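Novice: How does the following fold in three dimensions:
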Amino acid sequence: MSKLISFDECERLSTKQVHDLYRKYVSRSQVSLMTSFGFGRELVERAEGAWIWTRDGRQILDVTGGVGVLNHGHNHPRVLAARRHFSAQQRMEVHKAFFSPYVAALSHNVAELLPGDLNISYFPNSGAEANEGAIKMAYKYHRGKRNTILRADISFHGKTLGAGSLTGSTENSFRFPGLPGIVVYPYGDIAAVRRAVDAARTPSGECDVYAIMAEPYSASSMRCWSREDLYELRRICDEHDIILIFDEIYTGWGKTGSLFYFMRYPELMPDILAYSKSLGGGKASISGYTAREPIFRRAYDRLADVILHSTTYYGFGEETATAIEAVNVVVEEDFPARARDIERILRPGLKNIQKSYPDVVARIAGVGALWGVFLKGGPKLLDLAGKAAPGFSGDPQFRTKLITLAVIAELFREHNIVAYYSPNVENPLVVAPTLAAEPKDIEYFLDGLDKTLAKGLPRLLSRFVQEKVGSRWSIGS
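Specialist: The predicted structure is shown next:
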């Protein structure tokens, strides 16, 4: 029998050993992807707040915010303490024969924080699962008599078959089977939504739309619905008895300067809200979707329907206990205010960088602690490199991707800053720091970005391409 790796041995693995194990048992392409950015060539020793320390002694500022997971920062002390307490008391994780005080309390707390009758919650593991559950509830609400669902052309709802088929992103480069009856509308275009609803009719002439999926703020493109159009979207759904689902998987729990983005608008309310990411405090894999009470009651509140949507890990004890503390931290430490404080530094700082480098920075866009720096595509000569690079032939965004990746690599290599880019639509450099970041951390990032862009595109591109040619062209695949 082959020797198993113990926990202690795992913690002593070298970077090369980890790479070798990934290549053999996980994904060779993932190793190529990570190392192409300059990341993944060293292992992390520890992380706290907005900072990461590697085994070789580097201290790295993390402005990725864990792609929405780390509103609390790395290893928030209260979140860690809650998990230690749960474990030390030998609490039970999950059992079908017993009720969970953690599910009960978390459901209550979410209902207290959300407006109106958004009262009934379910807690699966991932954002995609939350969206899938919301879609199922909407379909069941109409008892299977409606067959059309609307989603935006620019959207990200997950990568399962169902949620993936509702995702409008260039990340979906391969067509999988998906939900039937999907109609696509241009993001934020209320007139197009109205036309799509009017066009979707049953043979008897009744409305055939059971749900509309919408991201009030798109974290992958830094676009938002207008205030007026969100209210009109709500009115259309009311008029035709359509379930309105807001996906705030990324933007929830304070990231945009309000608890959820939609809550900045009085009396605006979805029928179902999906959320995840920072619900777990950066330590637990948990998501949720919360429905208006009449929606849930009609869809599922009968004995025959109780287990129509369930999962083994629903309400997993340590995950829900972690989420209870994470949500209380969001409220007590006023995460929305922290996001607004970050915006007061980031917005003018990024605007100054845009003014300083107009030939490089096309625009900046964002809200709270979620921003995008949109870099210009550079000379057309770069398209020749795109044609020669495996996986990039014919990619219309190749030049923008190449420039953005060159900036990210330089930030990491020379300034110990880890950032990322959104592969959706215009491929912005995403600046989404944890809400635990201090003003000096934000200033440090702005200074690093300024010094990086000051080197000029030719120098940045030359260094980046020289490192990748012949060995690392899988960066966008």
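
Novice: going forward, measure contacts and count neighbours with C-alpha atoms only.
Specialist: Will do.

Novice: Quick one: the helices in the stretch 151-300 of the chain, in order.
Specialist: 161-165, 190-199, 227-240, 293-300 (DSSP state H, counting those that start in this stretch).

Novice: What lies in contact with the last one?
Specialist: Outside of helix 293-300, the residues within contact range by CA atoms under 8 Å, 6 or more residues apart in numbering are 117-120, 137-138, 140-143, 271, 306, 308.

Novice: cool, the first one as well?
Specialist: By CA under 8 Å, 6+ apart, the surrounding residues in contact with helix 161-165 are 128, 129, 131, 132, 156, 157, 158, 172, 176, 177, 178, 179.

Novice: For the residues you listed, which single residue is the most surrounded?
Specialist: Most neighbours among these, by other CA atoms under 10 Å: residue 131, with 31 neighbours.

Novice: Can you say which helix or strand has it in it?
Specialist: Assigned by DSSP states H and E, residue 131 belongs to helix 127-141.

Novice: can you give me how far that helix is from the chain middle?
Specialist: Per CA atoms, centre = their mean, to the nearest Å, the displacement of helix 127-141 from the mean C-alpha position of its chain is 18 Å.

Novice: Could you do stretch 25-32 as well?
Specialist: The answer for stretch 25-32 is 22 Å, by CA atoms, centre = their mean.

Novice: do stretch 298-310 as well
Specialist: 29 Å.

Novice: residue ranges of the strands in the stretch 201-350 of the chain, please?
Specialist: 209-214, 217-218, 223-224, 243-247, 272-275, 288-292 (DSSP state E, counting those that start in this stretch).

Novice: Ok, the stretch 351-477 of the chain next?
Specialist: With DSSP E, counting those that start in this stretch as the criterion, the stretch 351-477 of the chain has strands spanning 361-367, 370-375, 417-418, 420-421, 429-431.

Novice: how distant is the third one from the center of its chain?
Specialist: With CA atoms, centre = their mean as the basis, the distance from the averaged C-alpha position of strand 417-418 to the chain average is 18 Å.

Novice: Residue 408 against residue 420, yeah?
Specialist: Yes - with contact defined as CA atoms under 8 Å, residue 408 reaches residue 420; the gap is 6.7 Å.

Novice: Output the below-cut-off pLDDT ranges for this structure.
Specialist: Counting by pLDDT under 70, the chain has low-confidence residues at 1, 36-38, 378-396, 468-477.

Novice: Could you chop it up by domain?
Specialist: Domain assignment for the chain by automatic domain parsing gives 16-75+335-468, 78-332.

Novice: okay, those in TSV with distance to residue 7 next?
Specialist: Formatted as TSV, the domains of the chain follow (distance: least, CA to CA, whole Å):
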stretch	distance to residue 7
domain 16-75+335-468	14
domain 78-332	18
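
Novice: residues of the helix holding residue 131 that come out buried?
Specialist: Neighbour-count burial for helix 127-141, counted by 16 or more other CA atoms under 10 Å, picks out 127-141.

Novice: Kindly calculate the angle that that helix makes with helix 293-300.
Specialist: Relative orientation of helix 127-141 versus helix 293-300 (axes from the mean of the first three to the mean of the last three CA atoms, to 10 degrees): 80 degrees.

Novice: got the angle between helix 127-141 and strand 243-247?
Specialist: Going by the same axes, to 10 degrees, helix 127-141 makes 170 degrees with strand 243-247.

Novice: for helix 127-141, packing partners?
Specialist: helix 161-165, strand 209-214, strand 243-247, strand 272-275, strand 288-292, helix 293-300 (3 or more CA pairs under 8 Å, 6 or more residues apart in numbering; DSSP states H and E).

Novice: switch the cut-off to 6 Å
Specialist: helix 293-300 (3 or more CA pairs under 6 Å, 6 or more residues apart in numbering; DSSP states H and E).

Novice: Nearest to residue 32, out of the strands of the stretch 201-350 of the chain?
Specialist: strand 217-218 (28.6 Å; CA to CA).

Novice: Show residues contacting that closest one.
Specialist: 223, 224 (CA atoms under 6 Å, 6 or more residues apart in numbering).

Novice: Mind doing that once more with 7 Å?
Specialist: Defining contact as CA atoms under 7 Å, 6 or more residues apart in numbering, one finds that strand 217-218 is touched by 155, 223, 224, 225, 261.

Novice: Of these, which is the nearest to residue 69?
Specialist: Taking those together and measuring to residue 69 by CA to CA, the closest member is residue 261, at 16.2 Å.

Novice: residues touching that closest one, list them.
Specialist: 216, 217, 251, 252.

Novice: could you check the distance from residue 90 over to residue 228?
Specialist: 51 Å (CA to CA, to the nearest Å).

Novice: no wait, residue 136
Specialist: Applying CA to CA, the value for residue 136 to residue 228 is 28 Å.

Novice: okay, the contacts of residue 261 in CSV with distance to residue 448 and neighbour count next?
Specialist: Shown next, in CSV, are the contacts of residue 261 (distance: CA to CA, whole Å; neighbours: other CA atoms under 10 Å):
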residue, distance to residue 448, neighbour count
216, 31, 22
217, 28, 25
251, 26, 28
252, 28, 25
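
Novice: Now the residue most central in space within the chain. Nearest residue, chain neighbours left out?
Specialist: Note on the chain: the residue nearest the mean C-alpha position is residue 250, at 3.9 Å, using CA atoms, centre = their mean. In space, and not counting its chain neighbours, residue 250 is closest to residue 68: 5.1 Å by CA to CA, 6 or more residues apart in numbering.

Novice: Was I right to think the one you found contacts residue 276?
Specialist: No - shown here, residue 68 and residue 276 do not form a contact pair, counting by CA atoms under 7 Å, at 8.8 Å.

Novice: When these two are compared, which one has more neighbours?
Specialist: The neighbour comparison of residue 68 against residue 276 (other CA under 10 Å) goes to residue 276, with 30 against 24.

Novice: List the contacts of that one.
Specialist: So residue 276 contacts 126, 127, 249, 250, 286, 287, 288 (CA under 7 Å, 6+ apart).

Novice: From residue 412, how far off is the spatially closest residue to the first one that is not a sequence neighbour?
Specialist: Setting aside the residues directly before and after it, residue 126 is nearest to residue 287 in space (CA to CA, 6+ apart), at 5.2 Å. Distance check for residue 287 against residue 412: by CA to CA, it reads 31 Å.

Novice: which of these two has more neighbours?
Specialist: residue 287 (28 against 19).

Novice: just checking, that one touches residue 122?
Specialist: No - with contacts counted by CA under 7 Å, residue 287 stays clear of residue 122, the gap being 8.3 Å.

Novice: before we move on, the earlier item: which two of the buried residues of helix 127-141 have the greatest separation?
Specialist: The two members of the buried residues of helix 127-141 with the most space between them (CA to CA) are 127 and 141, at 21.0 Å.
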